[in-house]
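Asker: what follows is a predicted protein model with its sequence.
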Amino acid sequence: MRSKSGKYLYRWLCSFVLLVGSTALFTDAWYDFVKVNNQTGHLLGIANIGMAVLIYAALFAWVGRWMHAFKIGVERTANLMASGILTILTVDVAEVFISLAITGQFRFFFDFLQVYIPMFVAQVLIYGFLLLPMIWGYRRLFKPLTLVEIHGVYRNHLAEKLTDLKYKYKVVDSVDCTAGTDEIRRRIADADAVLINDVPSQMENRIIKECYDLGKRAYLAPKLSDIIIKASEELNVVDTPLFLNRNIGLNLFQRILKRVCDVAFSFVALVVLSPLMIVIAAAIHAEDHGPVFFRQERCTINNRRFIMLKFRSMVVDAEKDGAPHPAGVHDERITRVGRMIRSARLDELPQLFNILKGDMSIVGPRPERIENVELYTREIPEFAFRAKVKGGLTGYAQVYGKYNTSALDKLKLDLMYIVNYSFLLDIQILFETLKILFQRESTEGFSEEQIDHMKQEQQEPPSAKL
């Protein structure tokens, strides 16, 4: 079964059931609380109960869609569970204050918490109980999309990455982009979609038009120019369509707002997380009596250098020869405490001091070490585009990529953030950062093959790469 409308209908029905389940539990909890604590009883009318339920349902639908909590068949199971839990938590926290406002009983704040915390636990359990069979049902009903890859000269691993998502994609054929139009049309005729993978621009344009003509879904690996154009503004000042790219980065208001949020967030986070940071520091020191912090020179906005702080997760002098050594999948240099804090990304917490100081932002491209910036910029001159904004504690590439994502792919992800920046995008990335704590592959180290390749690149003179 591959009907697109069937998939949408199934997903909509599942979303409706998940929404009704959470809303029903809220309704029961809210009604019981108001019945006990509202002396006049005026809030127990049908209209008032209906208003409270509608507000909750609307919030749940909006936040859930924003968090991709209903993307059954699209997102991984762990992502869907994390999205659902964050959706429930966000809506329940908002509803505490909405319920206080509706009832006018602000003195019952802690009483609301006593009702809403058990409700939250019940909602999470019901959500998981409903979600897992929904995912299983989707994968039984709808076969994965069959893809035909059309590739250029440079072969990457994109097709293999999509094939790993066995429930969603199946690459059934691979065609060189230099094949004629008739051959390409013949090869993609029976496929559900086309993967246009690193094809020269002129050929890419031709293939996109062929896909449009045949009504085939097309997946494209974007070029850097594609990402920049995506943020353009449509102009209709003459009788020819125009796109305008301002290419100015963050405006003054955005920079001020971002800095205010950085200071407020980092200060509050340091206060709240200080007990945890003290425990981590004590554990690091107790294991080998070495220094607690790891200091390293990194690059931020305009390639300005600064000293970035992290909790030390490797043995002392892990890079005593002075050369960079990326962490491998089973790197023996990582300590026992280091392995635990790296898996939960707790080793990054000291960077809150860098944010408070102004060297970093909460959200932005990952600050790279000096050697990597020089190396990547020699190979990809556009890598310098990442320096248009401050480096971040978390960012687009951190939540949608992995530790071992290639430099070019990290650049593409970071550029998508820079050219599409908004305050709401920062908020979304913060929520996505919480979700990736459930993904082990997000902290996956470099393979031996990747490390050997990086070492070879570092040893080659610039002239050898031209």
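Answerer: Nice, thanks for sending it over.
Asker: show me what counts as buried in the host helix or strand of residue 229.
Answerer: Assigning secondary structure by DSSP states H and E places residue 229 in helix 224-230. Neighbour counts using 16 or more other CB atoms under 10 Å place 227, 228 of helix 224-230 among the buried residues. Heads up, the C-betas are built off the backbone N, CA and C, glycines and all.
Asker: I figured residue 156 hits residue 199, correct?
Answerer: No - contact criterion CB atoms under 8 Å: residue 156 and residue 199 do not qualify, at 11.8 Å.
Asker: which of the two has more neighbours?
Answerer: Set residue 156 next to residue 199 and count neighbours by other CB atoms under 10 Å: residue 199 wins out with 23 against 15.
Asker: tell me the SS of that one?
Answerer: Recorded secondary structure, residue 199: coil (DSSP: H, G, I helix; E, B strand; the rest coil).
Asker: quick one, phi/psi of residue 149?
Answerer: For residue 149, the backbone dihedrals (degrees, to the nearest 10) come out as phi -90, psi 130.
Asker: name all residues that make contact with it.
Answerer: 158, 159, 171, 173, 174, 175, 194, 195, 197 (CB atoms under 8 Å, 6 or more residues apart in numbering).
Asker: picking that back up, need the residues that contact the helix holding residue 229.
Answerer: Contacts to helix 224-230, defined as CB under 8 Å, 6+ apart, come from residues 220, 222, 243, 245, 247, 382, 385, 411-412, 415-416, 419-420.
Asker: how about CSV for the residues you listed, with distance to residue 279, neighbour count and pLDDT added?
Answerer: Below are the contacts of helix 224-230 laid out as CSV (distance: CB to CB, whole Å; neighbours: other CB atoms under 10 Å; pLDDT from 0 to 100):
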residue, distance to residue 279, neighbour count, pLDDT
220, 47, 16, 91
222, 43, 16, 89
243, 53, 11, 90
245, 48, 12, 87
247, 46, 10, 82
382, 42, 15, 93
385, 39, 19, 92
411, 36, 22, 93
412, 38, 21, 93
415, 38, 25, 94
416, 36, 19, 93
419, 40, 19, 91
420, 38, 12, 90
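Asker: which of those fall in helices?
Answerer: Secondary structure from DSSP state H places 411, 412, 415, 416, 419 of the contacts of helix 224-230 in helices.
Asker: how about the residues you listed in a markdown table, adding distance to residue 93?
Answerer: Converted to a markdown table, the ones in helices among the contacts of helix 224-230 look like this (distance: CB to CB, whole Å):
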| residue | distance to residue 93 |
| --- | --- |
| 411 | 36 |
| 412 | 34 |
| 415 | 33 |
| 416 | 29 |
| 419 | 32 |
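Asker: beyond the helix holding residue 229, next helix or strand please.
Answerer: Sequence-wise, the next helix or strand downstream of helix 224-230 (DSSP H and E) is strand 233-235.
Asker: show me the strands in the protein, by range?
Answerer: Using DSSP state E, the strands of the chain run over 145-151, 169-176, 193-197, 217-220, 233-235, 242-244, 293-299, 305-311, 360-363, 391-394.
Asker: JSON lines for the contacts of residue 149, including pLDDT and neighbour count?
Answerer: Formatted as JSON lines, the contacts of residue 149 follow (pLDDT from 0 to 100; neighbours: other CB atoms under 10 Å):
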{"residue": "158", "pLDDT": "89", "neighbour count": "17"}
{"residue": "159", "pLDDT": "90", "neighbour count": "18"}
{"residue": "171", "pLDDT": "93", "neighbour count": "19"}
{"residue": "173", "pLDDT": "92", "neighbour count": "14"}
{"residue": "174", "pLDDT": "92", "neighbour count": "15"}
{"residue": "175", "pLDDT": "92", "neighbour count": "17"}
{"residue": "194", "pLDDT": "94", "neighbour count": "25"}
{"residue": "195", "pLDDT": "95", "neighbour count": "23"}
{"residue": "197", "pLDDT": "91", "neighbour count": "24"}
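Asker: want to try TSV for those, with distance to residue 214 as columns?
Answerer: Below are the contacts of residue 149 laid out as TSV (distance: CB to CB, whole Å):
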residue	distance to residue 214
158	22
159	20
171	18
173	15
174	18
175	14
194	9
195	15
197	18
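Asker: residue 136: which of those is nearest?
Answerer: Proximity of the contacts of residue 149 to residue 136 (CB to CB) peaks at residue 171, which lies at 23.7 Å.
Asker: give the bridge partners for that closest one, please.
Answerer: For residue 171, the beta-bridge partners under DSSP bridges are residue 147.
Asker: looking at the strands of the chain, which one is packed in the most?
Answerer: Among these, strand 360-363 has the highest mean neighbour count (mean count of other CB atoms under 10 Å), at a mean of 26.
Asker: residue 172 against residue 147, yeah?
Answerer: Yes - contact criterion CB under 8 Å: residue 172 and residue 147 qualify, at 6.8 Å.
Asker: mind listing the shared neighbours of the two?
Answerer: Here residue 172 and residue 147 have residue 191 as joint contacts, going by CB under 8 Å, 6+ apart.
Asker: how about residue 267, nearest residue that isn't a chain neighbour?
Answerer: Spatial nearest neighbour of residue 267, chain neighbours left out: residue 356 (6.3 Å); criterion: CB to CB, 6 or more residues apart in numbering.
Asker: surely residue 147 is in contact with residue 192?
Answerer: Yes - here residue 147 reaches residue 192: they are 7.1 Å apart, a contact under CB under 8 Å.
Asker: what segments of the stretch 251-400 of the chain are helices?
Answerer: For the stretch 251-400 of the chain, applying DSSP state H, counting those that start in this stretch gives helices covering 252-288, 336-343, 351-357, 370-379, 396-400.
Asker: which of those helices is buried the deepest?
Answerer: Buried most deeply of those, by mean count of other CB under 10 Å, is helix 396-400, with a mean of 23.
Asker: now do that helix: everything it contacts.
Answerer: Residues from elsewhere that reach helix 396-400 (CB under 8 Å, 6+ apart): 365-366, 392, 405, 409-410, 413-414, 416-417, 429, 432-433, 435-436, 442.
Asker: buried subset of those residues?
Answerer: 365-366, 392, 405, 409-410, 413-414, 416-417, 429, 432-433, 435-436, 442.
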